[in-house]
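**Student:** I would like to see how this sequence folds:
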Amino acid sequence: MVSHYYTMKPNYYYITTPIYYVNAKPHLGHAYTTIVADTVARYQRLKNNQVFFLTGTDEHGDKIVKAAQSVQLSEQEYVDNISFQFKELWKSLNITNDQFIRTTDTFHKKTVQDILQKLYDAGDIYISEYEGSYCFGCERYLTEKELTGDGTCPDHQKKPETIKEKNYFFKLQKYLSIWKENLLANPDIIGPDQYYKEVIGMIQELANIGEDLSISRPLSRLSWGIPLPFDQNYVTYVWFDALLNYLSALEYPHQEKFTQYWPVANHLIAKDILKPHGIYWPCMLLAAGIPVFSKLWVHGYWLGMGDLKMSKSLGNAQDPLALAQKLGGNDLLRYFLLREMVFGNDTRFSDDIVYKRINGDLANGLGNLISRTTSMIKKYFNNNITESTQRHHFEKTLNNRLAEISENYHKNFSEFKFNRAIEQIFQVVNYLNELIEESKPWAMAKENHPDLYPLLSGIMRGIIYVLLYLKPVLPETTEKILNLMNFYCQKSFPVSLSEIDLKESVLENFPIFFQRLDVKETETI
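**Tutor:** Okay, the predicted model is just below:
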């Protein structure tokens, strides 16, 4: 079989979030996905890869019309307003996306129409009449198996409406078996593994049903959309519009950006849109003669009150910016989200879980390590820190572990196991805190012990090692702390303390980082 996959080029990296639907303001679920993508982008840049990080907003469909009508705005005014809120939120959260795409962008509309015309000319799009259960929340027809026992949509807790109408269809069935065969030959294209297995099951279910994919809505029912290039009486169905943003952002098909970044396309999504990304999208690409994406990464839900999915439709969503401000900064929010969730699994969110994680890891762990070390340097050496010709024996012991820690960190990061990658680095934090307790520098100072300065300078190198590895996770705070430390390291990710050289500096006015959160301050999170 002819391969539909490019060979990976490690010097480029393309990471995308879903384009978020603008029928309501952004919430914590959107922030988590975007923060994960931003963390990956920062990590890849530190590895000297050329990164293209894409996010944006999905601005067409039934729900947009209804949302605009509810606030007495035109559709364009409404989407401009909500899209702006997403942009401003990402700026406030220090998200480093390279492009923010909107499906109302002229260049995107052209890409959509060009590919639709291409598939229509090839005979892969046809018109037919269809009747089914349509969920306006999902903006698609649901199969009987997808509904709950009482006939409601599990995501939106509402019964879909029965709709019968004439529409255009994409020949999904023609490409299901091709995609399944490719997927079986490349099982790691979807991760974590449980979602690969779920997609295989979905493919079989769709094949058994035997239906193709509706890709349009009649203009008589929906005018807010991209017109079909071959029939102006219809507009494009939301997925055939939205999914193509990953190509239009790369100026498909002729520009250099597409040839550089599409071979290494990493899509990041929540599991509620697994079917369109895991089945519709690759089948669309196969039909258009475009190689399939490199990887589809799927994460679980944040669960709010009653262990229900946190979402705007259920009214239990958290405001990410307000939460970051209550916690004391963007990095505290980032750390909690990345450390607490096992990527791919559902994870509970509560006040108690948030402050226990931040206090335990950051205040009592890393923050305490930095504070006590700098305080002892201030007290015993008048704030002066410089390279020591003598190295404390603990460095050799720790260096023997750092190669493995570094390797495990990179392995876990590349597999989106962020919690495990962070755990690796906190082994060093815990080791250094235990070392201080065992070595008792305060007792060494009373004895004027010659090992005191080599011990503290070695611990400082250990702290710098930790901060360098935590830069993708805590970008703002690590930058502040590292800027206060005069050091040299040739590598973004050193594998030995000997690679970190301290230069003479004075640690005056060194603030306390990661102060402990008071429970009362987080009661309204």
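
**Student:** What strand or helix carries Glu165?
**Tutor:** Secondary structure assignment for Glu165, by DSSP states H and E: strand 161-170.

**Student:** Show the secondary-structure elements that that strand is packed against.
**Tutor:** Here strand 161-170 touches strand 125-135, strand 213-214, strand 216-218, strand 231-236, helix 281-288, going by 3 or more C-beta pairs under 8 Å, 6 or more residues apart in numbering; DSSP states H and E. Using the backbone N, CA and C atoms, a C-beta is placed for each residue, glycine as well.

**Student:** what's the angle between the fourth one and strand 161-170?
**Tutor:** So the one you mean is strand 231-236. Angle between the axes of strand 231-236 and strand 161-170 is 110 degrees (criterion: axes from the mean of the first three to the mean of the last three C-alpha atoms, to 10 degrees).

**Student:** Could you list the paired strands of strand 231-236 along with their orientation?
**Tutor:** Taking DSSP bridges as the criterion, strand 231-236 forms sheet pairs with strand 216-218 (antiparallel), strand 227-228 (antiparallel).

**Student:** mind putting the ones you listed in TSV, mean neighbour count and distance to Pro291 included?
**Tutor:** Formatted as TSV, the strands paired with strand 231-236 follow (neighbours: other C-beta atoms under 10 Å; distance: least, C-beta to C-beta, whole Å):
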stretch	mean neighbour count	distance to Pro291
strand 216-218	21	26
strand 227-228	22	26
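
**Student:** Out of these, the one nearest Ala363 is which?
**Tutor:** Distances from Ala363 to each of the strands paired with strand 231-236 were compared using C-beta to C-beta; the minimum, 52.4 Å, belongs to strand 216-218.

**Student:** Name the residues that touch that closest one?
**Tutor:** Applying C-beta atoms under 8 Å, 6 or more residues apart in numbering, the contact partners of strand 216-218 are 62, 165-168, 225, 228, 231, 233-237.

**Student:** what about 7 Å?
**Tutor:** Glu165, Asn167, Tyr168, Gly225, Leu228, Asn233, Tyr234, Val235, Thr236, Tyr237 (C-beta atoms under 7 Å, 6 or more residues apart in numbering).

**Student:** of those residues, buried ones?
**Tutor:** Buried by 16 or more other C-beta atoms under 10 Å: Asn167, Tyr168, Gly225, Leu228, Tyr234, Val235, Thr236, Tyr237, out of these.

**Student:** Closest to Tyr261 out of the residues you listed?
**Tutor:** Taking C-beta to C-beta as the measure, Thr236 is the one of these closest to Tyr261, at 24.3 Å.

**Student:** tell me the contacts of that closest one?
**Tutor:** Thr236 makes contact with Val112, Leu116, Ile215, Ser216, Gly225, Ile226, Leu228 under the criterion C-beta under 7 Å, 6+ apart.

**Student:** What pLDDT is listed against it?
**Tutor:** Listed pLDDT for Thr236 reads 95.

**Student:** where in this structure is pLDDT low?
**Tutor:** Counting by pLDDT under 70, the chain contains low-confidence residues at 1-10, 305-317, 387, 505-506, 508, 519-525.

**Student:** With Glu146 as the reference, measure out to the closest residue to Lys145 other than its chain neighbours.
**Tutor:** Setting aside the residues directly before and after it, Lys145 is nearest to Glu205 in space (C-beta to C-beta, 6 or more residues apart in numbering), at 6.5 Å. Counting by C-beta to C-beta, to the nearest Å, the separation of Glu205 from Glu146 is 9 Å.
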